[in-house]
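Engineer: Structure for the following, please:
(2 chains)
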2 protein chains.
Amino acid sequence: MNKIKQLQNYLKEQSVDAAFITDPYNVFYVSGFKSNPHERLLGVMVFAEAEPFLICPKMEIPDAKNAGWTGEIVGHEDTQNSMEILYKTAQSRGIDLKTMAVEKAHMTVERYEALLSFFSSLSIAQLDKQLNAMRVIKDDAELQILREAAALADYAIEVAARTIKEGITEIEVMTEIELALKKRGVTHMSFDTTVLTGDRAASPHGKTGQYKLKQGDLVLFDLGVVHKGYCSDITRTLALGEPNEEQKEVYDVVYRSEMAALEAVKPGVTAAELDQISRQVIADAGYGDYFTHRLGHGLGIDVHEFPSIHGQNTMKMEKGMVFTLEPGIYVPGKVGVRIEDDVAVTADGYEVLTKYPKELQIINN
Amino acid sequence: MNKIKQLQNYLKEQSVDAAFITDPYNVFYVSGFKSNPHERLLGVMVFAEAEPFLICPKMEIPDAKNAGWTGEIVGHEDTQNSMEILYKTAQSRGIDLKTMAVEKAHMTVERYEALLSFFSSLSIAQLDKQLNAMRVIKDDAELQILREAAALADYAIEVAARTIKEGITEIEVMTEIELALKKRGVTHMSFDTTVLTGDRAASPHGKTGQYKLKQGDLVLFDLGVVHKGYCSDITRTLALGEPNEEQKEVYDVVYRSEMAALEAVKPGVTAAELDQISRQVIADAGYGDYFTHRLGHGLGIDVHEFPSIHGQNTMKMEKGMVFTLEPGIYVPGKVGVRIEDDVAVTADGYEVLTKYPKELQIINN
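Structural biologist: Below you'll find the predicted structure:
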């Protein structure tokens, strides 16, 4: 309930009476209960000056308790008006609610209007920035989960390295990787696992397919797992047999680009500076036109979350932030290389969560 | 652009000047362009009396054209205010916009406020019901795609039937099924493939796991594919070796329950009537307490879409509607059986899209 306390302090500071959280990721963040209620109402109501409650479909109450929520839980059934139940439960706290903060970037207009039809004299504030500001700094427990998630991503690349061979298809390699993870208890990947071979890795539209690997291919893997509600995200580009000079050169440039950004990570550096450091290495090598995306993105409950690591983001890094660094070079029709790590900002530098070697691995299976 | 014309007629009837569609499923429905823009703006603006346009991230313009959208496309980059671009493009039509319909069940409050900050004197109407009403009736082209999607689901069950054997785990069976589908070009399942064995199929919280199949188990498969943007959804419960009397009895009741509902499908019957017919068979057999969910749900671009087939829905079935019928009996700790088909309403009855046999299949592998 530590996160609830933090939110209550924020509400008091801002003179806001309550916060109503309905984004399932944010509900998980403050309550420990992860659920996708689809169109049904799931939320946590936090009051500046009263006990919070969780509202969810009645059949999910046992799951919410099992997830560790020890506060009040209010259930609703499909035949009931869940917003009315929300209103009555809030009223039962005996507080004169004048202002409520909601996630404007998540709540639908339909739900907003339903909310206001009950809480008719309420003034609505936005809660998105505060939740972003809280979620962006990972505490020790979150960091430990992210380390475990990253270790599973490392393991996936190990499986990839021992699976690739002449003649196997991208889809078969992907299936072997995911099967190995399932045997370790992974139930969900954080996004569609990508296996792209040769110049297919240079296409922004490349999708894992029936392509058969051959000697001399570079094979790009981009994948991650969901572990205890948190995501990992790793990219490695492996060489199947001896790479040619161009492949080696492009790999070396991407490697130096990521290392340069990585070594600059510490509290106070901006996202834009990291992006520029990484981009400069690639530009200096003459491949500037082929690094076509941002350097990275925040990582946590969502695989792409706040903050975005791009050239216009002047946000300063702080201890506890976790994000990806993933420079790449994509020369159409020729070669595609990306290296991606999950990185945490420490008190005086960085910790790399993903530990699979970044140096070019030449695989002879 | 047939769907656009339908929308334009609706707007004229309702005296609404424009409709702005941003739910990615609805964008696909009216434009043929399927994309997940995350927080970026993707939408189709349809005018009662002017040419529509599509707005999307600039890098997606080629994909939108390839998808068959022949109208105007307006791109935006991350450094631009996409709502301003939307506003200016709408203004360029030279129409005095007084009312606009939006999907209130999809649009976030943040986007709604951004929209109103530009279109400041606009009156907003809801578009959700009209889009539901259009999407619920499938045209011939959509029906053909749904047949193909259902055939892939049938194939998945065929693979399941030849894969199950003593000692194989649920996860291994799931992996074989998904690999076989990938080889036929399936890139996405419509939801997490479920393989549940024995009394595990009777638990509402059952998840495909490391359980090893054994002779005498009933094995429940619930799965579907996304094919050309449309979903299938099938459930079959197979017997690995000779079933016992209780398993046979429960299966027979579920089978008769689904057949009774199926044979009642025709234009004019209500969703509630179908649910009641199905439920009555199960209640008459003494298992009424063990059929714990609605009979089915609409099926199309989304795997769970309008309408819901439950006991309180008095909506009348019409030609072109497609939905699932999926009665089940779940006796905790003992046996779980569900049979699910995808069904289309025809002019005088029904067409079953999923064709894998519904009679209990006894597998001796």
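Engineer: Could you list the domains of chain A?
Structural biologist: A:2-135, A:140-363 (automatic domain parsing).
Engineer: and the first one, average pLDDT?
Structural biologist: So the one you mean is domain A:2-135. Average pLDDT, domain A:2-135: 95.
Engineer: hmm, it touching chain B?
Structural biologist: Yes: Domain A:2-135 is in contact with chain B by C-beta under 8 Å from any C-beta of the partner chain, via A:38-39, A:59, A:63, A:79, A:102, A:104-110, A:112-113, A:126, A:128. Any C-beta I mention is one placed from the backbone N, CA and C, and that applies to glycine too.
Engineer: So the residue lying farthest from the centre of chain A, which state does it fall into?
Structural biologist: Distance from the C-alpha centroid of chain A peaks at A:Gly94, with 38.4 Å (C-alpha atoms, centre = their mean). What DSSP: H, G, I helix; E, B strand; the rest coil gives for A:Gly94 is coil.
Engineer: Which residue, other than its chain neighbours, is closest to it?
Structural biologist: Once flanking residues are discounted, A:Gly94 sits nearest to A:Ala50: 7.8 Å by C-beta to C-beta, 6 or more residues apart in numbering or on different chains.
Engineer: From B:Lys183, how far out is A:Glu113?
Structural biologist: 48 Å (C-beta to C-beta, to the nearest Å).
Engineer: Repeat that for A:Glu340.
Structural biologist: In terms of C-beta to C-beta, A:Glu340 sits 29 Å off from B:Lys183.
Engineer: So if I had to pick from those two, which one is more boxed in?
Structural biologist: For A:Glu340 and B:Lys183, the more surrounded residue by other C-beta atoms under 10 Å in any protein chain shown is A:Glu340, and the numbers stand at 26 against 13.
Engineer: Hmm, A:Asp222 and that one touching each other?
Structural biologist: Yes: between A:Glu340 and A:Asp222 there is a contact under C-beta atoms under 8 Å: 6.9 Å.
Engineer: shared neighbours of those two, which are they?
Structural biologist: Taking C-beta atoms under 8 Å, 6 or more residues apart in numbering or on different chains as the criterion, A:Glu340 and A:Asp222 both touch A:Asp233, A:Ile234, A:Thr235.
Engineer: On the three-state scheme, the last one is what?
Structural biologist: Put plainly, it is A:Thr235. strand.
Engineer: In contact with it, which residues?
Structural biologist: A:Leu220, A:Phe221, A:Asp222, A:Glu326, A:Gly328, A:Arg338, A:Ile339, A:Glu340.
Engineer: Any idea what the last one is bridged to?
Structural biologist: Beta-bridge pairing of A:Glu340, defined through DSSP bridges, involves A:Thr235.
Engineer: could you list every residue that touches it?
Structural biologist: Residues counted as contacts of A:Glu340 (C-beta under 8 Å, 6+ apart) are A:Asp222, A:Asp233, A:Ile234, A:Thr235, A:Arg236, A:Glu258, A:Gly296, A:Thr324, A:Leu325, A:Glu326, A:Thr354.
Engineer: ok, so what distance separates it from A:Leu299?
Structural biologist: A:Glu340 is 10 Å from A:Leu299, where distance means C-beta to C-beta.
Engineer: How about A:Gly43?
Structural biologist: Counting by C-beta to C-beta, the separation of A:Gly43 from A:Leu299 is 25 Å.
Engineer: residue closest to the middle of chain A?
Structural biologist: When C-alpha atoms, centre = their mean is applied to chain A, the residue found nearest the centroid is A:Val303 (2.0 Å).
Engineer: That residue against A:His188, yeah?
Structural biologist: No: with contact defined as C-beta under 8 Å, A:Val303 does not reach A:His188; the gap is 10.6 Å.
Engineer: close to chain B, is the longest helix seen in chain A?
Structural biologist: The longest helix of chain A (DSSP state H) is helix A:140-163. No: shown here: helix A:140-163 not in contact with chain B (C-beta under 8 Å from any C-beta), separated by at least 13.5 Å.
Engineer: So for that helix, what gets flagged as buried?
Structural biologist: By neighbour count on 16 or more other C-beta atoms under 10 Å in any protein chain shown, the buried set for helix A:140-163 is A:142-143, A:145-147, A:149-157, A:159-161, A:163.
Engineer: What is it packed up against?
Structural biologist: When contacts are defined as 3 or more C-beta pairs under 8 Å, 6 or more residues apart in numbering or on different chains; DSSP states H and E, helix A:140-163 sits against helix A:170-183, strand A:218-223, strand A:225-227, strand A:230-231, strand A:234-240, strand A:341-345.
Engineer: Turn those into TSV, columns for distance to B:Pro332 and mean pLDDT.
Structural biologist: Output for the helices and strands packed on helix A:140-163, formatted as TSV (distance: least, C-beta to C-beta, whole Å; pLDDT from 0 to 100):
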stretch	distance to B:Pro332	mean pLDDT
helix A:170-183	26	92
strand A:218-223	37	97
strand A:225-227	29	97
strand A:230-231	32	98
strand A:234-240	41	98
strand A:341-345	41	98
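Engineer: Figure out which of the ones you listed is closest to A:Gly288.
Structural biologist: Across the helices and strands packed on helix A:140-163, A:Gly288 has its closest neighbour in strand A:234-240 (19.2 Å, C-beta to C-beta).
Engineer: Packing partners of whatever helix or strand comes next after the closest one?
Structural biologist: Once the chain leaves strand A:234-240, the next helix or strand it forms, by DSSP states H and E, is helix A:245-263. The contact analysis (3+ C-beta pairs under 8 Å, 6+ apart) places helix A:245-263 against strand A:234-240, helix A:271-284, strand A:322-325, strand A:328-331, strand A:335-338, strand A:341-345.
Engineer: give me the beta-bridge partners of A:Pro57?
Structural biologist: Beta bridges link A:Pro57 to A:His76, judged by DSSP bridges.
Engineer: From chain B, how far out is it?
Structural biologist: Between A:Pro57 and chain B the distance is 12 Å, computed by C-beta to the nearest C-beta, to the nearest Å.
Engineer: follow-up on the earlier one: quick check: which of the helices and strands packed on helix A:140-163 is nearest to A:Tyr25?
Structural biologist: If you check each of those against A:Tyr25 by C-beta to C-beta, strand A:230-231 wins as the nearest, at 10.5 Å.
Engineer: thinking again about what came up before, now the buried members of the residues of domain A:2-135 next to chain B.
Structural biologist: A:Val102, A:Lys104, A:Ala105, A:His106, A:Met107, A:Thr108, A:Val109, A:Glu110, A:Tyr112, A:Gln126, A:Asp128.
Engineer: Let's see which of those end up in strands.
Structural biologist: A:Val102, A:Gln126 (DSSP state E).
Engineer: Of the buried ones among the residues of domain A:2-135 next to chain B, which is the nearest to B:Met317?
Structural biologist: Nearest to B:Met317 among those is A:Glu110, at 26.1 Å by C-beta to C-beta.
Engineer: Next one: that closest one relative to A:Lys334, how far apart?
Structural biologist: To A:Lys334, A:Glu110 is 49 Å away according to C-beta to C-beta.
Engineer: With A:Lys34 instead?
Structural biologist: Computed as C-beta to C-beta, the A:Lys34 to A:Lys334 distance reads 43 Å.
Engineer: swap in A:Lys207?
Structural biologist: A:Lys207 sits 19 Å away from A:Lys334 when distances are taken as C-beta to C-beta.
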